[in-house]
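A.B. asks: one predicted model, sequence on top.
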Amino acid sequence: MTTTQSSAATEKITSWRKSDRLLRGWIIGTLSEEALGLAIGQETSKSVWDALKEAYAQDSQEREFTLRQQLTYLCKDENTTIGEHIRKFKSICDNLAAIGSPVTDKVKVFSLLTSLGPRYESFTTTMLKPPRPSYTELVSLLQGYEQRQAWFSTTAPTHQLAFYGQKQRLGSVNHKPQTNFNSTGRGFQAHKHHLNGHNNFGQQNIIKDSKMQRPPPPGKRRMTPSEREMYRDETCQLCGGTGHVAKICWHLSKYTQAQDEIPQALAALTLDNSVLDTEWTSDTRASHQRKT
C-alpha cells in the first residue's frame, strides 16, 4: 500500500468516525431517562442500537400485551408530579413503538386523560369536548393547568389569614372597658366594668361600690330628696343600676346619640307626673289656642 493509498484510507476512517459519532448522538438524544443507561459504554452507533434491540425489540405478543395493560391501568399517584407522570406514560408508549406496535395520537390523548384520576375531572371533561387537542397540545395544556393549581394552593391560605387577622382586630376594638353610673345617694357613683361582648346595658355585670361618690357631670341636674326616696328600690331599664329610672339615667344621652339604640331607649322610658321639679319650664300656651 502506497503512502497515497494509506492517506486516503485514513481520511475515510476519520470521516466514518465523524458520521458514526453524529448518528450515535442522534440515537442517544431520542432515548428516555430509563433507556440512557443502556447506551453507557457503547462506542459506536451499531453497538448502541444492538443494546436497545436486545432490551426492547422483543417482538412478541406477551410483551405487547403487558405494555398495553400498563397503559390501560396507569393511574397518577398523588405523591408524583404531573411531569413525572407524563414521562412514565411516554416511556410505555415508546416501548410499544419500539416493538412495532405504536400508539396512535387519539389513543394517547384518551389514555393520558383517563390516567389522571378524579382530581383532574374538570380538566378531563373540558379536554374531551370537541375539538379535542392533539397529544402534544394536551401535554402543554396539562402542564399549564398544574402550574395554576399550584399557584392557587399557595395563595389561598394567605387570604384566609388576612381575613382572620382583620376579624381579630375588629374584635379587640369592640371589647373596650366602659364606665357605668347609678344615682344612689346624694350624687352619682362611678363603677368601672367590662362589657360581656354585647352593647346591651341590661345584661352588664355592674360592680357596685357605695363608698365612691362624685357629683354629676356639668349639665346634669342632681336628684331631689323626694326623687332619691321615691326611686331608692327602682331598677333602671337602661343600665340596670338601682336607685333611679331610665328618664334620669346618666346614660340616656348616650343612647340618644346612637341611631341603632334610639328605639330601645324610647321604649324604656317611663313618665311620672308626681316628680317634683324645681326648674322653670317655659309656657308655650299650647293648650290655649285661639279660635279665629
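C.D. replies: It's in.

A.B. asks: domain ranges for the chain?
C.D. replies: Domain segmentation of the chain under automatic domain parsing yields 1-56, 61-171, 177-268.

A.B. asks: lowest mean pLDDT across these, which one is that?
C.D. replies: Comparing mean pLDDT over the domains of the chain, the weakest stretch is domain 177-268, at a mean of 58.

A.B. asks: so E78 is in which element?
C.D. replies: Assigned by DSSP states H and E, E78 belongs to neither a helix nor a strand.

A.B. asks: next one: it from K108, what distance?
C.D. replies: Note on E78: its distance to K108, by C-beta to C-beta, to the nearest Å, is 23 Å. Placement of C-beta: from N, CA and C, glycine included.

A.B. asks: now the helices: where do they sit in the protein?
C.D. replies: Listed from the start of the chain, the chain has helices (DSSP state H) covering 3-29, 36-39, 45-56, 61-72, 82-98, 105-114, 121-127, 135-174, 225-230, 252-257, 262-268.

A.B. asks: which one of those helices lies nearest to Q237?
C.D. replies: Q237 sits nearest to helix 262-268 of all these, at 3.8 Å, using C-beta to C-beta.

A.B. asks: mind pulling up the pLDDT for S60?
C.D. replies: Looking at S60 specifically, the model assigns a pLDDT of 69.

A.B. asks: my guess is L23 meets S45, correct?
C.D. replies: Yes - applying C-beta atoms under 8 Å as the test, L23 and S45 come out as touching, 4.2 Å apart.

A.B. asks: those two: which is more packed in?
C.D. replies: S45 (19 against 15; other C-beta atoms under 10 Å).

A.B. asks: now do the same contact list for the more buried one.
C.D. replies: D20, R21, L23, R24, I27 (C-beta atoms under 8 Å, 6 or more residues apart in numbering).

A.B. asks: the same query, at a cut-off of 7 Å, please.
C.D. replies: Applying C-beta atoms under 7 Å, 6 or more residues apart in numbering, we find S45 in contact with D20, L23, R24, I27.

A.B. asks: equivalent analysis for L138, please.
C.D. replies: Neighbouring residues of L138 by C-beta under 7 Å, 6+ apart: V109, L112, M127.

A.B. asks: any idea how far it is from H85?
C.D. replies: Between L138 and H85 the distance is 13 Å, computed by C-beta to C-beta.

A.B. asks: do the same with L22
C.D. replies: For L22, the distance to H85 (C-beta to C-beta) stands at 33 Å.

A.B. asks: between these two, who's got more neighbours?
C.D. replies: A count of neighbours by other C-beta under 10 Å puts H85 above the other of L22 and H85, at 20 against 10.

A.B. asks: right, and that one touches K76 too?
C.D. replies: Yes - under the contact definition of C-beta atoms under 7 Å, H85 touches K76, with a separation of 4.6 Å.

A.B. asks: apart from its neighbours in sequence, what residue is nearest S101?
C.D. replies: Excluding the flanking residues, the one nearest S101 by C-beta to C-beta, 6 or more residues apart in numbering is E64, at 5.1 Å.

A.B. asks: wait, that neighbour sits on I99?
C.D. replies: Yes - E64 sits in contact with I99 when judged by C-beta under 7 Å, with a separation of 6.1 Å.

A.B. asks: how far away is Y145 from T124?
C.D. replies: The value you get for Y145 to T124, if C-beta to C-beta is used, is 10 Å.

A.B. asks: likewise G25?
C.D. replies: Using C-beta to C-beta, we find G25 at a distance of 38 Å from T124.

A.B. asks: could you do L36 as well?
C.D. replies: Summarising the geometry, the distance separating L36 from T124, computed by C-beta to C-beta, is 32 Å.

A.B. asks: so how many other residues sit close to S226?
C.D. replies: Applying other C-beta under 10 Å, we find 12 other residues in the vicinity of S226.

A.B. asks: repeat that for E146.
C.D. replies: Other residues close to E146 by other C-beta under 10 Å number 17.

A.B. asks: now the one 4 residues further on
C.D. replies: As a burial measure, the neighbour count of A150 was computed by other C-beta under 10 Å and equals 12.

A.B. asks: contacts only, for it.
C.D. replies: With contacts defined as C-beta under 7 Å, 6+ apart, A150 has no neighbours.

A.B. asks: ok, the closest residue to A51 other than its chain neighbours to K129 distance?
C.D. replies: Nearest non-adjacent residue to A51, counting by C-beta to C-beta, 6+ apart: L38, 4.7 Å away. Summarising the geometry, the distance separating L38 from K129, computed by C-beta to C-beta, is 41 Å.
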